[in-house]
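>>> quick one, what's the 3D model for this:
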Amino acid sequence: MTSSKNKLGLWTSTSLVVGNMIGAGVFLMPAALASFGSVSLLGWVFSAIGSFFLARVFGNLSVLLPQSTGGPYAYTQHGLGNFAGFLVAWGYWIAVACANAAITISFVSALSTFFPLLAHSAVAAVLTGLCTIWFLTWINTLGVVASGNVQLVITILKLLPLLIISLGGLFFIRVKNFHPFNSSGTTVFGAITATATMTMFSFVGIESATIPAGSVNNPGKTISRATMLGLLIATLVYVLGSISIMGIIPAKTLQHSLTPYADAAVIMFGADARYWVSAGIAIAAFGALNGWTLIQGQVPFAIAKDQLFPVLFTRQNKKGVPYAGMLISSTMVSVFMTMNYTKGLVEQFKFLLLLSTLSVLIPYLFSSASYIIIRIEKKHHSTGGWLSAITLGTLAFAYSLWAIAGSGQNAVYWGFILLMAGIPFYVWVLYQNKKPGKTSIGTIQE
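Below you'll find the model as predicted:
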């Protein structure tokens, strides 16, 4: 039995949630919302409420199925069966690889403030990106505790500049900058819907603590607490940051800003502040990449144990890390990242990001539906009565469905194509595992 010292605790699990949710993208969000006016702050509130339902669902599922490694995959497979579970894992695996490539690009871009060569040399940018991907892959092969400790430190470092701007900025606010309330040209409800659709992607990653459940100490309690605590921290950072920046920078100026947090820091602390905000962006991207690197090994490992993925993905090293899946995933990330710096492949990379958008949201939809089924099956009263379970599951399902619709027609169409592309692979894996003389898939340690 694995010692509790070799497992993730509350704070490392929380840092995994916060670190994966708060990436480099949050630094651009105030500028993206500025054209709507201060009504966009309500968009954050609506997204946070919807995410709260999801957080409760994942928290309760971690109580009902405490040892289920794989998070959304494991819950979907248990509630809706192997095929639905496979679709969730397949799409999620590809989506994480695409997301990690995008995060790496954001990290390299932030470093270009300090090393201008990275902005002008594709070779230097690619080499930096590859070094980052494989350095973090190595860190994650040292064990889940090593990865968790790195994540905890990075999360604290990334929160510092965000909190300084979010809290310190409250003293620099000018109320007139919040007017007009709604400059979107649509109704208040329409503006809230539009901004909530934009902000909901900032809450992707809320499920992160559930995925390495087998490596979490006392998962029934720890995962639920870490998920809710992570959501609370991220929401405070998002909302307070938006309030401060919107109050510091006039909306007409803000909507054209490429570095809103840095611009606010310059107003608050002077020109040199731009550099430490850029450092904050780099740290945020680095932390998100570390957290998602851990995830990208756990998901294929979980599905391979159920004989729905090739046996290769069950291979573990002496630290209990599914290194084979992690190495394969990091190779995919490296290829996708390199595409962005290769002339002629940039559009293909953007297409892959679009392709994977739906695959990040489908696990939420399926997990919400599975929660109701599993709760009725388990009859676990500590997660509430049947009526409250059905209500919570329905609200989380409705929010997930709305989020999918809000991702856009193209994302839904191409995301569906990506999921369907996994079916031949699914059939092939089933065929391979049912060949005469084929041994049952077990965990291989090397």
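>>> show me where the stretch 51-200 of the chain has helices.
Counting by DSSP state H, counting those that start in this stretch, the stretch 51-200 of the chain has helices at residues 72-80, 82-111, 117-120, 122-141, 144-168, 188-199.
>>> distance to Leu54, mean neighbour count and mean pLDDT added to the ones you listed, as a markdown table?
C-betas here are computed from N, CA, C, even on glycine. Shown next, in a markdown table, are the helices of the stretch 51-200 of the chain (distance: least, C-beta to C-beta, whole Å; neighbours: other C-beta atoms under 10 Å; pLDDT from 0 to 100):
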| stretch | distance to Leu54 | mean neighbour count | mean pLDDT |
| --- | --- | --- | --- |
| helix 72-80 | 10 | 25 | 93 |
| helix 82-111 | 14 | 24 | 89 |
| helix 117-120 | 36 | 14 | 87 |
| helix 122-141 | 26 | 18 | 94 |
| helix 144-168 | 20 | 21 | 88 |
| helix 188-199 | 14 | 19 | 85 |
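>>> let me have those helices in a markdown table, adding distance to Gly230 as columns.
What follows is those, written out as a markdown table (distance: least, C-beta to C-beta, whole Å):
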| stretch | distance to Gly230 |
| --- | --- |
| helix 72-80 | 16 |
| helix 82-111 | 18 |
| helix 117-120 | 31 |
| helix 122-141 | 19 |
| helix 144-168 | 9 |
| helix 188-199 | 16 |
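>>> show me what the helix or strand hosting Ile328 is packed up against.
Following DSSP states H and E, one finds Ile328 within helix 323-340. With contacts defined as 3 or more C-beta pairs under 8 Å, 6 or more residues apart in numbering; DSSP states H and E, the packing partners of helix 323-340 are helix 82-111, helix 122-141, helix 273-305, helix 346-378.
>>> between the helices of the stretch 51-200 of the chain, which one is nearest to Ser40?
Among the helices of the stretch 51-200 of the chain, helix 188-199 comes nearest to Ser40, with 4.1 Å by C-beta to C-beta.
>>> contacts for the closest one, please.
Applying C-beta atoms under 8 Å, 6 or more residues apart in numbering, the external contacts of helix 188-199 come out as 29, 32-33, 36-37, 39-40, 42-44, 46-47, 50, 181-182, 184, 186, 238, 403, 406-407.
>>> of the residues you listed, grab the buried ones for ChimeraX.
Applying 16 or more other C-beta atoms under 10 Å to the contacts of helix 188-199 leaves a buried subset, and the ChimeraX line that selects it is:
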select :29,32,33,36,37,39,40,42,43,44,46,47,50,182,184,238,403,406,407
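>>> I'd guessed Thr293 sits against Met326; true?
Yes: using C-beta atoms under 8 Å, Thr293 is in contact with Met326, at 7.0 Å.
>>> shared neighbours, the two?
Here Thr293 and Met326 have Thr137, Asn140 as joint contacts, going by C-beta under 8 Å, 6+ apart.
>>> centre of the chain to the least confident helix or strand in the chain by mean pLDDT, how far?
Least confident helix or strand, the chain: helix 346-378 with a mean of 82, by mean pLDDT, DSSP states H and E. Distance of helix 346-378 from the chain centroid (C-alpha atoms, centre = their mean, to the nearest Å) equals 12 Å.
>>> not counting its own residues, what contacts the helix or strand just after that helix?
Moving toward the C-terminus from helix 346-378, the next helix or strand (DSSP H and E) is helix 386-406. Helix 386-406 is contacted from outside by 50-51, 53-54, 56-57, 60, 193, 196-197, 200, 358, 361-362, 364-365, 367-369, 371-372, 375-376, 383-384, 412, using C-beta under 8 Å, 6+ apart.
>>> point out where the stretch 151-300 of the chain drops to low pLDDT.
Within the stretch 151-300 of the chain, no range satisfies pLDDT under 70.
>>> for the residue positioned nearest the centre of the chain, give me its contacts.
When C-alpha atoms, centre = their mean is applied to the chain, the residue found nearest the centroid is Gly205 (2.9 Å). By C-beta under 8 Å, 6+ apart, the residues touching Gly205 are Val17, Asn20, Met21, Ala288, Gly291, Trp292.
>>> helix/strand/coil for it?
Here Gly205 takes the coil state, with states given by DSSP: H, G, I helix; E, B strand; the rest coil.
>>> from memory Leu8 sits against Asn149, does it?
No: with contact defined as C-beta under 8 Å, Leu8 and Asn149 do not form a contacting pair (9.5 Å).
>>> common neighbours of those two, please.
Counting by C-beta under 8 Å, 6+ apart, Leu8 and Asn149 have no contacts in common.
>>> mind giving me the packing neighbours of the strand or helix carrying Gly241?
Element membership for Gly241 (DSSP H and E) is helix 219-248. Judged by 3+ C-beta pairs under 8 Å, 6+ apart, helix 219-248 is in contact with helix 10-21, helix 29-33, helix 40-64, helix 144-168, helix 260-269.
>>> using TSV, please lay out those together with distance to Trp428.
Output for the helices and strands packed on helix 219-248, formatted as TSV (distance: least, C-beta to C-beta, whole Å):
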stretch	distance to Trp428
helix 10-21	31
helix 29-33	41
helix 40-64	30
helix 144-168	31
helix 260-269	47
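>>> Pro322 is nearest to which of those helices?
Pro322 lies closest, by C-beta to C-beta, to one member of those: helix 144-168, at 10.2 Å.
>>> any idea how far the closest one is from the chain center?
On the basis of C-alpha atoms, centre = their mean, helix 144-168 sits 16 Å off its chain's mean C-alpha point.
>>> re the thing from before, may I see the helices and strands packed on helix 323-340 organised as a markdown table, with distance to Met337 added?
Conversion of the helices and strands packed on helix 323-340 to a markdown table gives the following (distance: least, C-beta to C-beta, whole Å):
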| stretch | distance to Met337 |
| --- | --- |
| helix 82-111 | 4 |
| helix 122-141 | 5 |
| helix 273-305 | 10 |
| helix 346-378 | 8 |
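>>> which among the ones you listed is found nearest to Ile267?
Comparing the helices and strands packed on helix 323-340 by C-beta to C-beta, helix 273-305 comes nearest, at 8.7 Å.
>>> for that closest one, buried residues please.
Those would be 273-274, 277-305, for helix 273-305 by 16+ other C-beta under 10 Å.
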